[in-house]
Structures are given as structure tokens and as C-alpha cells.
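Participant: what follows is a predicted structure for the sequence shown.
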Amino acid sequence: MWKDWIRPLVRPLPQWSTIALAPPQHAVTATLRWEGSSADVTVDHTVASLNPLVIATSVDAGQHAVLEYRDNKTSRLLGVLHLVRDPLEIEAPSLALYRVASGEHYCLSWPRRTWNAWLQNRLMLKHRSSNGLNTDPVAVQQLMVAYLCPKPVVLVAVNTDEHQNLFPMDLIGPLERSGYFSLALRSTNVSVPILREARRVALCHVPATMKQVVYQFSAHHKNALTDWSALSFPVRSSREFGIPAVAEALRVQELTIVHSQEIGLHTFFICRVVSDEAGVQVAQLHHTAGFYQDHRRRRHVPFDEV
């Protein structure tokens, strides 16, 4: 018993929690507020870049805005991000980019919140050189606030005559009012040049039971897939593009890329949905902030972890 009491004092909470959740998520609502106005952006904001941390939305909220995340059942404020309009031009006039200036969550009480952040930041600084993004711990803390809205994990399928690949992503999502769908992919990903040229991609929304398989495919951010037939699971052709897609996917979305742009260390792809096929209806793999899962666990309503 004493170990349960002392553990939070010496060990930080996990930054991320891998959960099984029926899509679309209805646990959290995101609201954008500015100059006396507000808009529900639960399905109209995405992460456009991690370094710097940039949020994309099709809501024009002026130069300064606040993004709030609230628990749908309790209406409790879970966290906020303070946003500043990014001067970066983007070839999609209906979209706005906002840099995250600051942020905070309220899932933990003040003393524990501050102490847990210090423990997490110390650990991140220790391993900073190996995370590939060299991201400041403060920005990672802000990113965790953005993950209060659980993010679905997909396997991205790319296929041309010279290149095929399959890799996981969660920096995706609709920008509802504009009709766009966006992907933010690290520019070092081996498939980025192919996506820029081919302008088509398939997203396979995967069951939570495929977690281990999905994580194994992280290696394909650096090395392309050599042979579709070597996969340990069956694939089928997507409806319009004929891209090999995970046969047991909950959903397969085909996207055509209308614009791509480098933002910091990421390439931000703006897409249109060409087709959307529903498959089996089971819980999907999602990521959320570890402190939000802890918040729900203490209230006896945790997400199912995988």
C-alpha cells in the first residue's frame, strides 16, 4: 500500500496512454474562444507540426485565441492552449495556422501537476538527443494538452510502381468547415517525396487489438516496405486507388493531396477525402495524454488500455 502512495512522488505518469475507444471519440469537446466568440472545433483542429508546435483549423479566430478542452460528461475544464496566429502563408485560404504560446492542464491537483511535470521534463531532457525532434519539454507538455482529445491511430498505405510503404500515424484529422483532411508527417519520413508526387494515400483505421503489429511498423518511417505479400495480415485493394489496405481495418479512407508544405520539422499535407469505406465495428487504437487517463482512473471511468 505504501508503494502506491510514494510512487507518484518519485516516478512521473506516462506521457501517453494507448487506449481502445469506439470512434468517433465523444469523451472530450474542444472549443476555440476569441474576442467574445467561440466555436466547437472538436473535429476542426489538428496538429500541423510538433516543432514548432502548430495547430491548424478552418476557423478564423483572429490573432489570439484560446483552445479549451472539456470533459463531455462533467463539463470539467481539462486543459487550455493559448494560441497566436502564425504569419506563415498557406495555400489554403480557408485554413488558419496558430502557434502554441503556452498551455496548461487541470487533470491533476496543483502540487502534483507541477511535480509530475518536473519529473517528466527531467526525464525528457535526459533523453532529448534521442527523440529525433529535439523538442523542448515545455512544448511536449503543451502537446499532451492537445492529446486530451484522444487521437485515432492509423496505418498509412502508400503504393506506386517504385515505392510501397505502410507506417503508423496519429497526427491526422478532419478540418470540418473547410472540407479538408490533414496529415502532419515528419519530413524525414522516407515516403514524403513519394506522397508529394503521387498525391494519393490510404488511411487504415486499425482495431486496438493490432497495437503490437502497428508499433512494429514504426520502422517504416525510415525504411520503405519491400513486399506487400510479406505482411503477417491480409490486405485488400482500396476502392478508388487500388492501394493495398489492411483487410480487417475498421475504416479505409482514400485521400487525394491538394497541397503540402513544410512547417518546422514536419510536412503538412492538406487533403480531400475521395472515398470512405466502413469495415468491422470494434474499438479503435487511440492515443491520449497519460494525465487524462489518470484523471479518469481516479474517477473510476478509465479508458480501456491496450
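Facilitator: Everything's here; your move.

Participant: quick one, strands of the stretch 51-200 of the chain?
Facilitator: If you assign secondary structure with DSSP state E, counting those that start in this stretch, the strands in the stretch 51-200 of the chain sit at 54-57, 64-71, 77-85, 96-105, 151-152, 154-159, 164-169, 172-175, 180-186, 200-205.

Participant: and the longest helix for the chain?
Facilitator: The single longest helix within the chain, with elements called by DSSP state H, is helix 110-126.

Participant: buried ones in that one?
Facilitator: Of all the residues in helix 110-126, those buried under the rule 16 or more other C-beta atoms under 10 Å are 116, 117, 119, 120, 121, 124. In this view, the C-beta of every residue, glycine as well, is placed from N, C-alpha and C.

Participant: make a markdown table from the residues you listed and add pLDDT and distance to residue 44 to it.
Facilitator: Output for the buried residues of helix 110-126, formatted as a markdown table (pLDDT from 0 to 100; distance: C-beta to C-beta, whole Å):
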| residue | pLDDT | distance to residue 44 |
| --- | --- | --- |
| 116 | 95 | 30 |
| 117 | 94 | 28 |
| 119 | 95 | 34 |
| 120 | 93 | 29 |
| 121 | 92 | 31 |
| 124 | 88 | 30 |
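
Participant: any weak-confidence spans in the protein?
Facilitator: Low-confidence segments of the chain, defined by pLDDT under 70: 1-9, 128-134.

Participant: and residue 228, its phi and psi?
Facilitator: Note on residue 228: backbone dihedrals following degrees, to the nearest 10 are phi -60, psi -30.

Participant: no no, residue 292
Facilitator: Comment: the main-chain dihedrals of residue 292 come out as phi -70, psi -40, following degrees, to the nearest 10.

Participant: picking that back up, and of the buried residues of helix 110-126, the nearest to residue 13?
Facilitator: residue 116 (5.6 Å; C-beta to C-beta).

Participant: from residue 139, how far off is the closest one?
Facilitator: Counting by C-beta to C-beta, to the nearest Å, the gap between residue 116 and residue 139 amounts to 17 Å.

Participant: what's the answer for residue 47, then?
Facilitator: If you measure residue 47 against residue 139 using C-beta to C-beta, the figure is 11 Å.

Participant: overlap in contacts, these two.
Facilitator: Common contacts of residue 47 and residue 139, defined by C-beta atoms under 8 Å, 6 or more residues apart in numbering, comprise residue 53.

Participant: okay, now the closest residue to residue 57 other than its chain neighbours: neighbour count?
Facilitator: Counting by C-beta to C-beta, 6 or more residues apart in numbering, residue 57 lies nearest to residue 45, which is 4.4 Å off, once chain neighbours are set aside. Each residue near residue 45 was counted by other C-beta atoms under 10 Å, and the total is 27.
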